[in-house]
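Q: Here's a sequence, model it:
(one chain, ligands or ions: 1)
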Amino acid sequence: MGIRKNQSSLTVSEKTAFVAAVKALKANGTYDIFVAQHRAAFLAGTNDPAHGGPAFLPWHREYLRRFERALQEIDASVSLPYWDWTVDRTPTASIWNADFMGGNGTGAAQRVTSGPFAFSTGEWNLTVRDPGDTAPFLTRAFGAMGSLPTQAGVNAAKNVVPYDSAPWNSDSSMNTSFRNRLEGVIHNPGHMWVGGSMMAMSSPNDPVFWLHHCNIDRLWAEWQRENPGQNYLPPSGTANVVAGHALDDPMPPWDDESPPPTPRSVLDHHALDYTYDNEEPDTGEIVPLAIDAPPVPASIAQAGEVDVFSFPVTTSGNYVIQTQGSTDVVASLYGPNDMAAFITEDDDSGPGSNSRIARDLTAGTYYVRVRHYSNSSTGSYTISVSGSGAQPGIQTIQVNGPAVQGTISAANERDMYRFTVTTPAVHTIETAGSTDCFLTLFGPDNPATFITQDDDSGPGTNSRIAVNLGAGEYYARVRHYSPTGTGSYSISVRT
Ligand SMILES: [Cu+2]
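A: Just a heads-up that it's a prediction; the model follows:
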């Protein structure tokens, strides 16, 4: 599996190999085909399959991977590097040195005159240009059109769920569309700050395009990992979605391939055979499961892979661990508080060839290992844990009753609460204490239906959601703002 590295950590020889492969694609004509594909997407206007809609991220993931495979045909050691502009954000950063991307444009024409992509080398002439653009040389104008995204801006974007929302375009709310926020608030400024050729429909003419989009793809991959319950949206059949943007739509210009790439086919970037240098390795990574939460999507991406999950039991009772989907997986249960203490294993007790383990468990942390029944097969599935009887995984909050005490006791822990609305009214759900809580509201009557979320609208860094709710059962989920943070808090619901 190829490892995409931060460009700032590339060795001199890695930079040289990347530049040489890019120039080889330019020389054999392949590079300009990629530029033309990007320009054609924009020229489709309101039917653009690549920008201003849900498939912005999948389309560019597919596009980058194809470009990377083309580079690898030239030099198998090359992977796309990413440009983390939250760190390397000045015109003097090493990315712009003459041994890599070259420097800023100069003069009224903003012409790039240094580095391997300067027109003067004779090896970097722009032949695919926007309509009316006659300049055959690469142009840049650092900082003339705004600033680069900051870490705070990236964090705020990564906290947005769900993936996307109606009207499924650039008018989607920045607070309910992770995609539009990442595209409009984080991605667009990267193009603008570099300026010149990067502002065009033909922006891949500037090789820094690939490094910029590689970072956008990395942030999407991080968001996916941090929000395992959030699926790609919208599903096929949703009204008013531009062709190419729904989950199972073939993505132009590759839609005549068999099978064509779709947003679904690129959701798992490990299945596309690359990873990022700052990702935790697959082995040893433990995915937390919340009791009675919606099923978590997962996949056996490589033959022989074993996925590991954990869940906390606070109240003794009967619990059911279940997989769903068409992949024949085998689940084994370990614990409490010991990953090596085997309890039981199940292959096919669930529907189809799914696993189902029902077991009386005492308090403690339990672990589930999931593998494919066949050592040589792969496939995706979902997994969930439910508690019987009193459903001890979810605490109940009385509306206008006392605040309920909670603790984020481990990194990435999600606490779930439920409350019942009998009289429709504006309800205020609020956390209190010194822990930076992040609150998400679901319902009515379905813990998978997202309503809204909030980080800091309450006092200090507390969350507060005030929203008009009809009768029904609602679910409040509390996590720490930081994926590694812990701490205690209280939560209340009032009218
Ligand atoms: Cu693009």
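
Q: what about Ala134, which helix or strand?
A: Rather than Ala, residue 134 is Thr. Per DSSP states H and E: Thr134 is located in neither a helix nor a strand.

Q: try Lys15
A: Using DSSP H and E, Lys15 falls in helix 12-27.

Q: ok, and for the helix or strand following that helix, which residues are buried?
A: As assigned by DSSP H and E, the chain's next helix or strand after helix 12-27 is helix 30-43. For helix 30-43, a neighbour-count test (16 or more other CB atoms under 10 Å) marks 31-32, 34-42 as buried. The C-beta positions use only the backbone N, C-alpha and C, and glycine is treated the same way.

Q: what does stretch 238-257 give?
A: The neighbour-count check on stretch 238-257 (16+ other CB under 10 Å) flags 241-242, 244-247, 249-254 as buried.

Q: pLDDT of that stretch, averaged?
A: Across stretch 238-257, pLDDT averages out at 96.

Q: show me where the protein has helices.
A: 12-27, 30-43, 56-74, 151-158, 178-181, 188-194, 208-226 (DSSP state H).

Q: Quickly compare those helices and say which is most buried.
A: A comparison of these by mean neighbour count, using mean count of other CB atoms under 10 Å, puts helix 178-181 on top with a mean of 26.

Q: same for that one, what does it pack against?
A: Under the contact criterion of 3 or more CB pairs under 8 Å, 6 or more residues apart in numbering; DSSP states H and E, helix 178-181 touches helix 151-158.

Q: just to revisit the earlier point, so which of the helices of the chain gets nearest Asp171?
A: helix 178-181 (8.1 Å; CB to CB).

Q: Tell me how many other residues crowd the closest residue to Ser120 other than its chain neighbours.
A: Leaving aside its sequence neighbours, Ser120 sits nearest to Thr113 (CB to CB, 6 or more residues apart in numbering; 6.4 Å). The tally of other residues near Thr113 (other CB atoms under 10 Å) stands at 15.

Q: Hmm, Thr113 is touching Thr106, no?
A: Yes - under the criterion of CB atoms under 8 Å, Thr113 makes contact with Thr106 at 5.6 Å.

Q: my guess is Asp292 contacts Asp415, does it?
A: No - contact between Asp292 and Asp415 fails when scored by CB under 8 Å: they sit 11.7 Å apart.

Q: For Arg356, list the residues it contacts.
A: Contact analysis of Arg356 by CB atoms under 8 Å, 6 or more residues apart in numbering lists 320-323, 346, 349-350.

Q: what would these look like in a markdown table with pLDDT, neighbour count and distance to Gly196?
A: Formatted as a markdown table, these follow (pLDDT from 0 to 100; neighbours: other CB atoms under 10 Å; distance: CB to CB, whole Å):
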| residue | pLDDT | neighbour count | distance to Gly196 |
| --- | --- | --- | --- |
| Val320 | 92 | 14 | 58 |
| Ile321 | 95 | 26 | 55 |
| Gln322 | 95 | 20 | 54 |
| Thr323 | 95 | 26 | 51 |
| Asp346 | 92 | 20 | 60 |
| Ser349 | 89 | 12 | 61 |
| Gly350 | 87 | 19 | 57 |
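
Q: For the stretch 251-400 of the chain, give me the ranges with low pLDDT.
A: 280-285, 388-393 (pLDDT under 70).

Q: Now with 50, please.
A: 281-283, 389-392 (pLDDT under 50).

Q: how does this structure divide into domains?
A: 2-272, 286-387, 394-494 (automatic domain parsing).

Q: Let me have those domains in TSV, adding distance to Glu279 as columns.
A: Below are these laid out as TSV (distance: least, CB to CB, whole Å):
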stretch	distance to Glu279
domain 2-272	7
domain 286-387	13
domain 394-494	13
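
Q: so what's Trp223 closest to, chain neighbours aside?
A: Once flanking residues are discounted, Trp223 sits nearest to Lys158: 5.2 Å by CB to CB, 6+ apart.

Q: ugh, wrong one, Pro228
A: Pro228 sits nearest to Val296 (CB to CB, 6+ apart), 4.6 Å away.

Q: Contact partners for the one you found?
A: 228-229, 287, 289, 309, 382-384.

Q: before we move on, what about Thr139?
A: 105, 109-112, 195-197.

Q: Going by distance to Met145, which of those wins?
A: Nearest to Met145 among these, with distances taken as CB to CB, is Gly195, at 5.5 Å.

Q: Spatially, which residue comes closest to the closest one, not counting chain neighbours?
A: Gly195 sits nearest to Ala141 (CB to CB, 6+ apart), 3.4 Å away.

Q: ok, now how distant is the one you found from Trp124?
A: 18 Å (CB to CB, to the nearest Å).

Q: got it, and Ala41?
A: For Ala41 relative to Trp124 (CB to CB), the value is 23 Å.

Q: Ok, Gly107 next?
A: From Gly107 to Trp124 the distance is 17 Å (CB to CB).

Q: Between the two, which is the more surrounded one?
A: Shown here are Gly107 and Trp124; by other CB under 10 Å, Trp124 has more neighbours (23 against 8).

Q: Quick one: residues contacting the more buried one.
A: Counting by CB under 8 Å, 6+ apart, Trp124 touches 23, 26, 116-118, 137-138.

Q: related to what we said a few turns ago, the more surrounded of Asp292 and Asp415?
A: Neighbours per residue (other CB under 10 Å) separate Asp292 from Asp415, with Asp415 holding more: 22 against 17.

Q: so that one sits right up against Tyr475, yeah?
A: No - the pair Asp415 / Tyr475 is not scored as a contact, 10.9 Å apart, by CB under 8 Å.

Q: circling back: please name the residues that touch the residue nearest to Trp223.
A: Per CB under 8 Å, 6+ apart, neighbours of Lys158: 178, 219, 222-223, 226.

Q: just Glu222 next, same as before
A: By CB under 8 Å, 6+ apart, the contact list for Glu222 reads Lys158.

Q: Distance check, it against Pro483.
A: For Glu222, the distance to Pro483 (CB to CB) stands at 9 Å.

Q: and what of Val368?
A: 21 Å.

Q: Among the two, which residue is more densely surrounded?
A: Neighbour totals were compared for Val368 and Pro483, and Val368 leads with 24 against 12 (other CB under 10 Å).

Q: Pairing partners for the residue nearest to that one when sequence neighbours are not counted in the sheet, please.
A: Residue nearest to Val368 in three dimensions, not counting chain neighbours: Phe309, with 4.5 Å by CB to CB, 6+ apart. When bridges are called by DSSP bridges, Phe309 pairs up with Val287, Val368.

Q: can you map out the strands along the stretch 301-450 of the chain?
A: Remark: strands assigned in the stretch 301-450 of the chain by DSSP state E, counting those that start in this stretch are 306-313, 317-324, 329-334, 342-346, 356-361, 364-372, 379-387, 394-396, 404-408, 415-421, 425-432, 437-442, 450-454.

Q: Which of these has the highest mean neighbour count?
A: It is strand 437-442: most buried of those by mean count of other CB under 10 Å, with a mean of 24.

Q: Same question for stretch 452-469: list its buried residues.
A: Quick answer for stretch 452-469 (16+ other CB under 10 Å): 453-455, 458, 462-465, 469.
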